[in-house]
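> what follows is a predicted protein model with its sequence.
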Amino acid sequence: MAYVYGGPPAYGGGYGAPGGFASAPRGPPHGADPQLWSWFVAVDHDGSGAITAVELERALINGDWSPFDLDTVKLLMSIFDTDRSGTIGFNEGEIDLRIWHNPSSLRSLWKYIKDWQNVFRHFDRDRSGSIDAGELRDALNQFGYNLTPQLITLVQKKYASAAAYRGGPPPGITFDRFVRACVVIKQLTESFRSLDTDHDGWIQIDYDRFLHTVLSLP
């Protein structure tokens, strides 16, 4: 992951800083990374001092120059917009750099995506720029999610960057969709475990509770 100022993005994903912007009109906060602050100001098109989902979507790109999936952008917003304002500030709340926790602020968002890029690079063993079914299985197993082959195939099809060609295997999962797949599986698993009070792997749930659980997820 790297800042992008006219050059290609780093392997697996990155930030594409829009061109044509003048130098940052206001100085960075004390202790801030000047380069990250410049990117923040460039992405903050309306000068509001906070980034919206639309602004974030314009700024994020995958390693193959494809734009970030909108649903992934919305997921990132749901994680980092801790005050539910619909925006992300440069210093919004406290910073937690671990990928499975809920950090906030642009600085944490940047570190969060960099950490996920390292995960993506580790499991993309054939360096194809996408995650195939075997690589996805290995990643989820390492995270502690031992999905059946049928579920792995379902996840692969759901988050693949395109539909399978003439009945063949689904194409790989790009960086942005890989992040979303892993985070969604984590959140679904946590929701299930919260209902599995006796920890036997089974729950009894009515229709309303089921819908509430699913629709409460980002």
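Arrived safely. Just so it is clear, the model here is predicted, and its values are computed rather than measured.

> going forward, measure contacts and count neighbours with C-alpha atoms only.
Noted.

> where do the helices sit along the chain?
With DSSP state H as the criterion, the chain has helices at 34-43, 53-59, 70-80, 106-123, 133-143, 149-159, 175-195, 207-215.

> now render those as TSV, adding mean neighbour count and mean pLDDT.
As requested, those are exported to TSV (neighbours: other CA atoms under 10 Å; pLDDT from 0 to 100):
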stretch	mean neighbour count	mean pLDDT
helix 34-43	20	83
helix 53-59	18	86
helix 70-80	19	85
helix 106-123	19	88
helix 133-143	17	95
helix 149-159	16	92
helix 175-195	18	92
helix 207-215	11	88
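
> out of those helices, which comes closest to Gly89?
Gly89 lies closest to helix 106-123 among the helices of the chain, at 6.2 Å (CA to CA).

> got the angle between that closest one and helix 175-195?
On the basis of axes from the mean of the first three to the mean of the last three CA atoms, to 10 degrees, helix 106-123 is oriented at 100 degrees to helix 175-195.

> before we move on, back to that, relative to Gly27, which of the helices of the chain is closest?
With CA to CA as the measure, helix 34-43 is the member of the helices of the chain nearest Gly27 (8.1 Å).

> ok so, going back, out of the helices of the chain, nearest to Asn91?
helix 106-123 (6.7 Å).

> what's that closest one packed up against?
Packing partners of helix 106-123 (3 or more CA pairs under 8 Å, 6 or more residues apart in numbering; DSSP states H and E): helix 133-143, helix 175-195.

> what's the closest non-adjacent residue to Ala160?
Once flanking residues are discounted, Ala160 sits nearest to Ile173: 4.6 Å by CA to CA, 6 or more residues apart in numbering.

> same check on Ala133?
Gln156 (6.2 Å).
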